[in-house]
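>>> return atomic coordinates for the entry below.
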Amino acid sequence: MSLATRISGFLGALAASATLIVSATNAQAEALTFTDIAGREVTLQEMPDKIILGEGRMMYGITPLIEGNPFEKIVGWNNDLILYDPDGFRQFESVYPDDTARLINFGNPYAGDFSIEAVLESEADLVLLESGSLFKAEETGLMEKLGAAGVQVAFVDFRRNATENVVPSLLMLGRIFGEEKRAAEFIDFYISQMRKVTNIIDTIPAEERPLVVIENAAGWQVDFCCWSFGPYNYGRFVELAGGTNYASSLANAYSVTLSLEGIIEANPAHIVATGANWSESRPEVTSVLLGYDAETEPNVARIDALASRAGFADLEAVKAGNYHAIFHQFYNSPYHFVAIQQLAKWFHPDDFEDLDPWATFVELHERFLPFDAKGTFWMSAQAAD
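A predicted model of the protein is given here:
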């Protein structure tokens with residue numbers, strides 16, 4: 001069954017889910033029970049008003065669902081948004097300076113330095129974690145320790161199985177924040193934007209889907225090649241955009257390490273590097289510094305340098321001008337439909353001649369975000385002479 005067919009079937013289920021959500025909320029007064037993305041039943045005795053984010057970048061998924069101040073119920077987070085998307089953080093800071101200043105940094109659940117003591121001192125009701133931290137949370141007894149103190153934990157997923165779990169995650173967040181109607185509106189927008197790609201890709205046979213290498217965080221480590229994604233995250237984005245993801249043929253894994261020799265032998269039609277403004281926390285990176293504060297011209301030298309590395313310069317993709325860079329942080333954001341649109345436009349330019357991913361990005365901001373779209377979020381290297 002194609003994604004488009006599955007999504008079509010979901011529209012009816014979405015309306016039914018919205019009705020059930022409203023009914024359950026009314027019947028339970030202020031109590032809230034839901035099943036999180038890890039399949040755990042979570043019960044809160046009342047609607048939470050003090051929430052902690054295991055990742056600051058969860059604000060990508062929360063903000064479109066809140067008509068007012070998205071930080072109103074957030075008492076703290078991990079500071080990954082500041083470290084790995086400082087451009088995005090500054091957008092939030094410009095609109096909500098007092099809120100971004102008061103947030104507590106609770107540490108990194110992935111690294112095991114998450115401060116339970118600080119959580120308890122904050123009198124939080126709920127901690128939201130990415131599903132990727134489930135094993136660490138179980139290993140450290142985090143959920144049991146917090147639960148014993150009356151603090152609930154719930155898991156969302158905007159990263160590992162992003163396209164499969166984005167809608168359930170958004171529905172869950174809509175309930176948690178009391179924004180079911182707004183969540184349904186954003187989900188409708190998400191589905192409509194995905195359909196602009198999937199309705200066409202479903203008609204393209206497998207033999208016409210170009211081989212693609214995703215270079216995850218290209219330039220994060222100097223003189224290193226290469227991290228990639230299997231059939232998850234950006235690997236899945238490639239497939240939905242009508243490409244054949246090279247790393248998926250090597251391993252059914254989230255993260256796959258590629259060899260330069262393997263890439264040369266595969267000779268992909270496109271190479272897509274992910275990049276973001278990591279230079280403020282990691283000055284040595286040679287990545288393409290994409291984001292809200294990025295300008296195209298200063299990044300030209302960076303993308304051309306990545307494309308001209310030893311072994312890359314002779315690839316057909318590079319010679320044809322098909323070495324691309326795209327915003328890394330789409331990988332853990334419900335805005336990944338923008339990335340999928342741009343990938344489709346690169347892979348099948350004739351089929352998507354009329355598709356304008358930047359216009360989609362602008363509409364996303366105008367309808368659902370408290371700041372404007374600006375900056376550079378994708379670009380391509382010049383074709384080799």
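>>> so which bits of stretch 321-338 are buried?
Using 16 or more other Cβ atoms under 10 Å as the test for burial, stretch 321-338 gives 322-338. To be clear about C-beta, it is placed using only N, CA and C from the backbone, and glycine gets the same treatment.
>>> cool, stretch 282-296 as well?
Under the neighbour-count criterion of 16+ other Cβ under 10 Å, stretch 282-296 has 285-292, 294 buried.
>>> which residues touch G230?
Listed by Cβ atoms under 8 Å, 6 or more residues apart in numbering, the contact set of G230 reads 245, 247-248, 250-256.
>>> apologies, that question was intended for P357.
338, 341-342, 345, 378.
>>> among these, which lie within strands?
W378 (DSSP state E).
>>> can you pick the most crowded of the contacts of P357?
Tallying neighbours with other Cβ atoms under 10 Å puts Q342 at the head of these, with 27 neighbours.
>>> for it, which non-adjacent residue is closest in space?
Nearest non-adjacent residue to Q342, counting by Cβ to Cβ, 6 or more residues apart in numbering: P357, 4.3 Å away.
>>> still on that earlier bit, pull the most distant pair out of the buried residues of stretch 282-296.
In the buried residues of stretch 282-296, two members sit farther apart than any others by Cβ to Cβ. They are T286 and Y292, at 20.7 Å.
>>> thought T35 was touching E41?
Yes. Here T35 reaches E41: they are 5.5 Å apart, a contact under Cβ atoms under 8 Å.
>>> who's more crowded, these two?
Legend: neighbour count by other Cβ under 10 Å for T35 and E41, higher for T35 (12 against 8).
>>> what does the pLDDT read for the more buried one?
For T35, the model assigns a pLDDT of 97.
>>> cool, and P370?
98.
>>> okay, now it: neighbour count?
Counted by other Cβ under 10 Å, the residues lying close to P370 total 17.
>>> skip the chain neighbours and tell me the closest residue to it.
Nearest one to P370, counting by Cβ to Cβ, 6+ apart, is V95 at 4.9 Å.
>>> what number of residues lie near that neighbour?
The number of residues near V95, taken as other Cβ under 10 Å, comes to 15.
>>> these two touch, right, G107 and E117?
No. Contact between G107 and E117 fails when scored by Cβ under 8 Å: they sit 10.5 Å apart.
>>> neighbour count: the two, which is higher?
Applying other Cβ under 10 Å to G107 and E117 shows that G107 carries more neighbours, namely 19 against 8.
>>> that one and K136, how far apart?
12 Å (Cβ to Cβ, to the nearest Å).
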